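Asks: Predicted structure and sequence below. I'll ask about it afterward.
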Amino acid sequence: MAVSPEVLQLHIDYSAWASKRLVDAAAHLSVEELARDFSTADHSVLDTLVHLYAADRVWFWRLQPVGPNPGFVSSTDRSLAVLQHEWPALYQRWKEWARTLTPESADTVVSYQDMRGNSWSQPLWQVILHVVNHGTHHRGQVAGFLRSMGHTPPPLDLVFYHRERSASRASA
């Protein structure tokens, strides 16, 4: 079961939209709120968003291995400024790359190694949907963190993305 390039492109765009909304919300937090430990795997709002950014970067490199492997989270990644500037630039590269997808390339089997060095192969469309799903999972965690601190997170559901796109097209 292949997924069309248009659907994959749309989901990559959705991830960029949702991540930007959440980073914009995080920009209103105090330093203490950004670093508050929620006793989860990635601990805090900032570290969870950094984890997601680093994962997006690693997956992109696995699909387009240009230059050295960026590795996972580095000390320089742990910054709201990186999330505000580097992550949108990474999403732009994802979108430009996704525009080149064809039905055949979306179904191509890609091989890569995970962070433990295990080798895997699977269709490209599965990898892309994993990246999107991984982002949805962690953005949901951060939205919960915001609520627990008394902040209202922005709407991040896919339906809100579609509604905003429809409204933008209607006003254009």
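Replies: Sure, I can see it. Since this is a predicted model, take the numbers as computed values, not measurements.
Asks: Flag the shaky bits of this protein, pLDDT-wise.
Replies: 68 (pLDDT under 70).
Asks: How about the residue nearest the centre of the chain: what's its closest non-neighbour residue?
Replies: Closest residue to the average C-alpha location of the chain: residue 135 at 4.5 Å, with CA atoms, centre = their mean. Here the nearest residue to residue 135 in space, its sequence neighbours aside, is residue 15; by CB to CB, 6 or more residues apart in numbering that works out to 4.7 Å. In short, each C-beta sits where N, CA and C put it, glycine included.
Asks: Residue 134 is in contact with the one you found, correct?
Replies: No: judged on CB atoms under 8 Å, residue 15 makes no contact with residue 134 at a distance of 9.2 Å.
Asks: Tell me which of those two has more neighbours.
Replies: For residue 15 versus residue 134, neighbours defined as other CB atoms under 10 Å are more numerous around residue 15 (25 against 16).
Asks: show me the contacts for the more buried one.
Replies: Residue 15 makes contacts with 56, 91, 131-132, 135-136, as judged by CB atoms under 8 Å, 6 or more residues apart in numbering.
Asks: which secondary structure element contains it?
Replies: helix 5-26 (DSSP states H and E).
Asks: Check which residues of the next helix-or-strand element following that helix are buried.
Replies: Note on helix 5-26: by DSSP H and E, the next helix or strand toward the C-terminus is helix 31-35. Residues of helix 31-35 classed as buried by neighbour count (16 or more other CB atoms under 10 Å): 33-34.
Asks: residues near the nearest residue to residue 20 once chain neighbours are set aside, how many?
Replies: In space, and not counting its chain neighbours, residue 20 is closest to residue 88: 6.4 Å by CB to CB, 6+ apart. Look at residue 88: counted by other CB under 10 Å, it has 13 neighbours.
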